[in-house]
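Peer 1: I would like to see how this sequence folds:
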Amino acid sequence: MKAAREQAISDSLANVAAMERTVVLDPAASVVNWTGVMLGVKDHKGTLRLTEGKVTIKGTEVLNGSFTADMSSIASIQDQFMAPEGSPQGTRLNLDGHLKSPEFFDVGTHPNATFVITSVSGNTAKGNLTVRGKTNEESVTDITVSEENGLIMVSGKLTFDRQKYGVAWSSGSKDKVLNDNIDLQIELVGKPAM
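Peer 2: So this is what the prediction gives:
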């Protein structure tokens, strides 16, 4: 009796792993962590909140999906060494306004960024990233899929060249050069659609 029950549980788990499941993302639990490096000075770090998305998985493999980030949430800056608020420059508020301005992500005109998967090979997904209204093919690498307490977690890394999206700001100083590459750590969390 016990062996039959354990076999039934094992078979049930195998059936779930073999099924394609669409995971609807929970915007409150999902996040994109970003890092931009100012060479010779420091790096800036923060988070972007997601507004919507879904991913289709089979076992621990991603098959397709898409998500949308709210660019106005770029204000979640996590830099450790910012000037105190009220200072003339170098504050979180200064950086937030700078990143949202037309010099950077032009959030007033382009409030969202999107990523739509076009193909998957192993733990790498290629897709179309749209930032500031410009779309280019990019890759999310090191994708992992895990499940805990009924939640599905999908994570991966994406690095994109900001110049391809019109984020062309320059400090004008050769000693304070903003790296063209922006690194993203994507953390998607959701539940399978019923």
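Peer 1: Just name the shakiest helix or strand of the chain by mean pLDDT.
Peer 2: helix 2-18 (a mean of 61; mean pLDDT, DSSP states H and E).
Peer 1: Paired strands for the helix or strand following that helix, with orientation please.
Peer 2: Later in the chain than helix 2-18, the nearest helix or strand by DSSP states H and E is strand 20-25. With DSSP bridges as the test, strand 20-25 is paired with strand 42-58 (antiparallel), strand 177-192 (antiparallel).
Peer 1: Tell me the buried residues in strand 20-25?
Peer 2: Neighbour counts over strand 20-25 (16 or more other CB atoms under 10 Å) mark 21, 22, 23, 25 as buried. Quick note: C-beta positions are derived from backbone N, CA and C, even for glycine.
Peer 1: Check the offset of that strand from the chain's centre.
Peer 2: With CA atoms, centre = their mean, to the nearest Å as the basis, strand 20-25 stands 17 Å off its chain's centre.
Peer 1: Export only the CA atoms of it, formatted as CSV.
Peer 2: Coordinates of each C-alpha in strand 20-25 appear next as CSV, following Å, rounded to 0.1, in the frame of the first residue of the first chain:
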residue,chain,number,x,y,z
GLU,A,20,3.5,22.9,-20.2
ARG,A,21,2.4,25.5,-17.7
THR,A,22,1.8,29.2,-18.1
VAL,A,23,3.0,31.2,-15.2
VAL,A,24,1.2,34.6,-14.6
LEU,A,25,3.7,37.0,-13.0
